[in-house]
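>>> below are the sequence and a predicted model for it; my questions follow.
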Amino acid sequence: MRWARWIGLLAVLGAGCQDGLSLGLGGCLGEAPPFETTPTNTVHHGVHAAVTAAGVDALVAQREALVALLLDVGPDGRVRLDLPMFDFGEGNGGLGVGVRDLAIGFDLRAVGLDVAFLPDPTRIRISVTNARFALEPGGAVWVSVGGDVACGLGNGVDVGLPTEALAVADFAIDVALVVDEEGRFQAEVEVLPFTLHALDFELLYDPALPECADGITAAECRVACSAGDTFIEIVEALYDALRERIDALIQPVIQSTVDAFVRRLLDRPLFVEGALHPRLVADLLPTAVDAHPLGFRVAPSPEGFTVRSAGDDGDGVGLTLDVGLDAIDHPCVPPVDGPPPFTPGPAPVLSGYDHAGRPYHVGLSLSDAALNRALWVAYRAGVLCLAFDSDQVEALLGQRIDTSTLSLVLPGLRELARGPRPILLAIDPGFTAADFPLATFFDVADDGGVPQAGIALRLPRLGVSFYGFVEERWTRLFQGRVSVQLGVTVQAGPDNTLLLSVDTPQVADLVETYDELLEDANLVQMLELVIDLATATLLRDGLALDLGLDGLLDGFGLPVAPRIEALRVDGERGDFLSVLTTIFPAPGGAGLGVVAETEAAVIDVTPGEARLAVAAPGVGPARFQWRVDGGPWRPLRAAEDGVLVVREPRLRVLGDHRLQVRAVAEDDFQSLDPRR
C-alpha cells in the first residue's frame, strides 16, 4: 500500500540537493541558519511543475498497479478488506443484529477506474465503479433477541457464478492536496458515500460458530438460519441495516488504510533550504576560499497545488514554487545600492502537448528570473572572483600552461620570462544591477532530434588580469576589461539527465588598462583562452542535473519509466525553460537500446583547429561533440561529409592535447556514447 508516494511526483523539486541534483561540485549542503525571506531575495513563481491530463491518462492505463498503491492486491488481482465487528443496533421488534469476522474483496481487473484532479479545494479523486464486494468464508451475523444465535453469512448476488457477491457498489476517494504555512505537505482524505447497485446475501447454518456449539443453541441457530418467521425477520433486519449503513461498515476501513499512508507523507516537506558553501569545493575549483555561503530556499508558493486546465482533454494539477537566494556581499565585488528586480512573466501553459502537438505527461519549467537571481547572488558572494595559476590548471585539467606553451598566442613571452615560468590569471567581475539579466533562453534551431535548449550568457566588463613569474616574483603583464558572450546548451542525456555543454567564448569591447606584453601579442586570442580556461576549471566535465524521475517512479512500484521528450523555451515572454517528460510502460529487459559507438581519427591540426574524420557505425545519421583536455563538452554538431571541424582556444597552446569525441544518433538521445 504505497499509493501516497504518487502524490510526491508533484513535488519532485522538493527532493533536496542530495536527492538527484548532481552538480559535480563535490559538496552541496552545509549547516546554515533558516533562510529569511525578504521582498527582494525571492523570485515568486520562479518554477512551475505539472502533471498533465495526458499524464493522468498514462497512469490510469496502469490501473491495477495504481490501485495497488492504494490497497493490498493479491496475486489473483483481488483487493481484500478486513471489516471490524459492527453492531447495527436494534430494529423493529427489538431484534438486535450485527456482523463480525467479515472479510470482503473485489476483483480489481473487473472494476472501472478513473482518476481526476478537481478544484476548490485542489484534490485527487480516485473513482472505482462496479466493484463486486464478495464475502470470503468465515464471516458471521449474530442476532440478539432474548438470547444469542448466529448464522454464517454468504454471498447472495449471482450465487454459484464467478461474479457472485454480497454487494455491487461504486465508491470514490478524495485526497485534498494542501501546503501549510511552513511549506509542508498536508493531505486530507475523504471516502465519499457509496452508491449501491445490488445487495443480497444468504444466511447459512454453521455449527462451528460459538453460539451454536451446544445442543440447545444449535437448535436455535438451525431455526434462525433456515426458512421460517425468525429467518425472515433476521433477513429483513440485516438487509435494511446493510443497505442503509454499508458506508459505515466499509468506509472506515478504507479511510484508515489511506490515512495511515498519507501520514507518512506529512513528514516530507515540499521545500528545501540550506546553504552552498564555496569552501567545500575550494580544493577543486579556483574560486575564492573565503567566498560567502549562498543561502537558498525553494518552497511552494502560497496558492500551493492548483488544477490546470487542458481544455477538452481534461485537467492536470500543478505546483508553483518560489525560489529564494541570498548571500552577504564579498569584498571582491563593488558596492551597489541594491539588487535588480527579478520577476518572471506569466506561467507557461503546460497543457500536455508540445509545440509539435505531441503529448507529454509531466512538465517542469524554470524561469530565467530564478537563474539570474542565482547568478547575481553567486557574483555578490564572491564565487565568480577567480584566480588560478599554472599548477592549478594542470591539476584540474591535466594540461600545463606557462610562459613557454603560450608562445603561439604571446610571441616573445618565453624570452621575456627567461624560460618556461608559471603564469597566474585572475577574473574580476564588475557587474552592476543594470547589467542584469545576464542569462536568457533560446531555442536550438538544428537539434538533430536530440532534446536541447540554450542559455545565452552575457558577461559585460569582465576584468581580466594576466601575471607571469618573472625574476622570482609575480609581475603583472596585462590588465583590462572585456565583454564575453558564452553559449550554454542543455541537452537530454541517458537516464533522463540534463547535460550542460559550453561553446567557445566570444570576446568583444576590449578596454586595456595595463599592457606590458609585446606588440605582436594576439590579445583577443589570449583573452578567449583565459575565459575558456576559467570556464573549463569551473565546469570541467560539465554539469549533470539528474531530475530524479527514474528513482522516483521505481519507488512507487509502478511498471512505468520516464523519458524526456522535449526541452523548449516557454512562456509568453520566452523566459521559461521547460522540460517535458512522458511516462511509458517499462521495458521488459535492460540494455535493449542502441548505443552509438564513436570512431574518430585526426586528419590534420593547425594552431587553434583540428579536423577529424568521425563516424558512428550502425546508428544512421549522428551528431558529435568534443572536449579538450578534460574541459566541458562542446554542443552537438553535425559532421559534414564525415569531417568534424574542431576550433578550440586551447589548441593554440603548445604541447600534447587530449581530444575526446562522442556521438549520439539523431532522434535518439539515449544512444549517447557513454565510453568517452
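Right, received. Where do you want to start? Numbers count the residues shown, from 1 in each chain.
>>> next one: phi and psi at residue 252?
Main-chain dihedrals, residue 252, degrees, to the nearest 10: phi -60, psi -30.
>>> what's the burial count for the closest residue to it other than its chain neighbours?
Spatially, and ignoring its direct neighbours in sequence, residue 252 is nearest to residue 84 (7.5 Å; Cβ to Cβ, 6 or more residues apart in numbering). Every residue, glycine included, has its C-beta placed from N, CA and C. Residue 84: 12 surrounding residues under other Cβ atoms under 10 Å.
>>> show the pLDDT at residue 84.
Residue 84 carries a pLDDT value of 85.
>>> buried ones in the host helix or strand of residue 218?
Per DSSP states H and E: residue 218 is located in helix 215-224. Across helix 215-224, burial judged by 16 or more other Cβ atoms under 10 Å covers 217, 218, 220, 221, 224.
>>> contacts for that helix?
The contact list for helix 215-224 (Cβ atoms under 8 Å, 6 or more residues apart in numbering) reads 143, 147-151, 203, 205-207, 209, 211-212, 230-231, 234.
>>> what segments of the stretch 401-550 of the chain are helices?
Along the stretch 401-550 of the chain, counting by DSSP state H, counting those that start in this stretch, helices occupy 413-417, 523-539, 549-556.
>>> show me the beta-bridge partners of the nearest residue to residue 37 once chain neighbours are set aside.
Leaving aside its sequence neighbours, residue 37 sits nearest to residue 324 (Cβ to Cβ, 6+ apart; 5.4 Å). Beta-bridge pairing for residue 324 (DSSP bridges): residue 42, residue 297.
>>> residues touching residue 324, list them.
Residues near residue 324 by Cβ under 8 Å, 6+ apart: 35, 37, 41, 42, 43, 273, 295, 296, 297, 298, 299.
>>> which among these end up buried?
Of the contacts of residue 324, these count as buried by 16+ other Cβ under 10 Å: 35, 41, 42, 43, 273, 295, 296, 297, 298, 299.
>>> give me the pLDDT value at the fourth one.
Put plainly, it is residue 43. Listed pLDDT for residue 43 reads 95.
>>> wait, it touches residue 369, no?
Yes: using Cβ atoms under 8 Å, residue 43 is in contact with residue 369, at 4.9 Å.
>>> which neighbours do these two share?
Taking Cβ under 8 Å, 6+ apart as the criterion, residue 43 and residue 369 both touch 342, 343, 344.
>>> most surrounded residue in those residues?
residue 342 (25 neighbours).
>>> any idea which of the helices of the stretch 401-550 of the chain scores lowest on pLDDT?
Mean pLDDT, when computed for each of those, is lowest for helix 549-556, at a mean of 52.
>>> average pLDDT for the helix holding residue 218?
81.
>>> average pLDDT for stretch 461-480?
Here the average pLDDT along stretch 461-480 is 90.
>>> mind checking how far the lengthiest strand in the chain is from the chain centre?
Counting residues, the longest strand found in the chain (DSSP state E) is strand 473-493. On the basis of Cα atoms, centre = their mean, to the nearest Å, strand 473-493 sits 31 Å off its chain's mean C-alpha point.
>>> number the residues from 59 up from this point.
I'll keep to 59 as the first residue from here, and by that count the last item is strand 531-551.
>>> strand partners (parallel or antiparallel) of that strand?
Strand 531-551 has its sheet partners listed here by DSSP bridges as strand 510-528 (antiparallel), strand 555-560 (antiparallel), strand 564-573 (antiparallel).
>>> let's see that strand as CSV, backbone CA atoms only.
Provided in CSV are the C-alpha atoms of strand 531-551 (Å, rounded to 0.1, in the frame of the first residue of the first chain):
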residue,chain,number,x,y,z
ARG,A,531,58.2,37.4,-8.4
TRP,A,532,54.7,37.8,-9.9
THR,A,533,54.7,40.6,-12.5
ARG,A,534,51.6,42.0,-14.0
LEU,A,535,51.7,41.8,-17.7
PHE,A,536,48.2,42.7,-18.7
GLN,A,537,45.0,44.1,-17.2
GLY,A,538,41.8,45.1,-18.9
ARG,A,539,38.1,44.6,-19.2
VAL,A,540,36.3,42.7,-21.9
SER,A,541,32.7,41.7,-22.7
VAL,A,542,32.1,38.0,-23.1
GLN,A,543,29.3,36.0,-24.8
LEU,A,544,29.0,32.4,-23.8
GLY,A,545,26.6,29.9,-25.1
VAL,A,546,25.4,27.0,-22.8
THR,A,547,23.4,24.2,-24.2
VAL,A,548,21.1,22.0,-22.1
GLN,A,549,20.6,18.6,-23.7
ALA,A,550,18.8,15.4,-22.7
GLY,A,551,21.2,12.6,-21.8
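>>> what's the angle between it and helix 581-597?
Relative orientation of strand 531-551 versus helix 581-597 (axes from the mean of the first three to the mean of the last three Cα atoms, to 10 degrees): 60 degrees.
>>> give the buried residues for strand 531-551.
For strand 531-551, the neighbour count (16+ other Cβ under 10 Å) marks 535-540, 542, 544-551 as buried.
>>> with these in mind, which one is nearest to residue 698?
Proximity of those to residue 698 (Cβ to Cβ) peaks at residue 547, which lies at 19.5 Å.
>>> the residue nearest to the closest one when sequence neighbours are not counted in helix, strand or coil?
Spatial nearest neighbour of residue 547, excluding adjacent residues (Cβ to Cβ, 6+ apart): residue 693 at 4.2 Å. Secondary structure assignment for residue 693 (DSSP: H, G, I helix; E, B strand; the rest coil): coil.
>>> residue 693: what's it in contact with?
Contacts of residue 693 (Cβ under 8 Å, 6+ apart): 502, 510, 545, 547, 549, 559, 560, 561, 683.
>>> next one: phi and psi at it?
Taking degrees, to the nearest 10 as the convention, residue 693 sits at phi -60, psi 160.
>>> from residue 350, how far out is it?
To residue 350, residue 693 is 33 Å away according to Cβ to Cβ, to the nearest Å.
>>> any idea how many residues pack against residue 254?
By the criterion of other Cβ under 10 Å, residue 254 has 17 neighbours.
>>> average model confidence for the helix or strand hosting residue 190?
Assigned by DSSP H and E, residue 190 belongs to strand 181-193. Averaged over strand 181-193, pLDDT sits at 89.
>>> same question, stretch 362-378
The average of the pLDDT scores along stretch 362-378 is 70.
>>> and stretch 561-570, by the same measure?
Across stretch 561-570, pLDDT averages out at 92.
>>> again with stretch 333-341
Averaged over stretch 333-341, pLDDT sits at 65.
>>> try stretch 252-261
For stretch 252-261, mean pLDDT is 90.
>>> distance check, residue 211 against residue 222.
Distance, residue 211 to residue 222, using Cβ to Cβ: 13 Å.
>>> who's more crowded, the two?
Just comparing residue 211 and residue 222: by other Cβ under 10 Å the higher neighbour count belongs to residue 211, 25 against 16.
>>> ramachandran angles for the more buried one?
phi -120, psi 130.
>>> quick one on the thing from earlier: separation between the residue nearest to residue 95 and residue 489?
On the measure of Cβ to Cβ, residue 382 and residue 489 end up 21 Å apart.
>>> same check, this time on residue 199
When residue 199 is compared with residue 489 (using Cβ to Cβ), they lie 80 Å apart.
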